[in-house]
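Asks: Let me see the structure of the following:
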Amino acid sequence: MFKSGKDPFANLERDFFYKAHPRPQTVPEGKRDRTLTAATDPFKWPKPLEMDRSSLSATAKLEMALTLEAEVKERDGVIRSLVKQLHRANEEKYSLLTELSGFRGPTREKLYKENKVLRERLARVTRENLLIRGLARREGRERSGKGAGM
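Replies: Prediction:
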């Protein structure tokens, strides 16, 4: 038993989780597109300080590995959701093109413009939905106390 009666390592996992996974900030309405593009940026790994790696303890290496694992899982989820969104958009585009290709008539231009507007709205709503689902999942993970990769 320790002199103080408390285990100094009892909160180590919890403290590490909160440092590695900060709470998400609520996104104002106008900044949602920028947040989505930030999620699709190329990987930026945190660079450790210059040091002799042989002097690191096993726990420090484990913490670094867990941090990188959480980052990879989060990026994987973003990539998978973007791929699904792209597939859905392509399927819808194909069905709309086949529907419009055979249509000839006086309202073709009107339908084409309306279709274009609806596609833009669908893309915007899909981006917002993806962002909201991601924020809801993060909040759910934080409430349950579970972290990615833990």
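Asks: measure Gly134 to Ser101 for me?
Replies: Distance, Gly134 to Ser101, by Cβ to Cβ, to the nearest Å: 36 Å. The C-beta positions use only the backbone N, C-alpha and C, and glycine is treated the same way.
Asks: Look at those two and report which has more neighbours.
Replies: More neighbours surround Gly134 than the other of Gly134 and Ser101, with 18 against 8 (other Cβ atoms under 10 Å).
Asks: quick one: secondary structure of the more buried one?
Replies: helix (DSSP: H, G, I helix; E, B strand; the rest coil).
Asks: Tell me, what's the model's pLDDT at Pro28?
Replies: Listed pLDDT for Pro28 reads 54.
Asks: correction: Thr126
Replies: On pLDDT, Thr126 comes in at 91.
Asks: Test my guess that it contacts Gln85.
Replies: Yes: using Cβ atoms under 8 Å, Thr126 is in contact with Gln85, at 5.7 Å.
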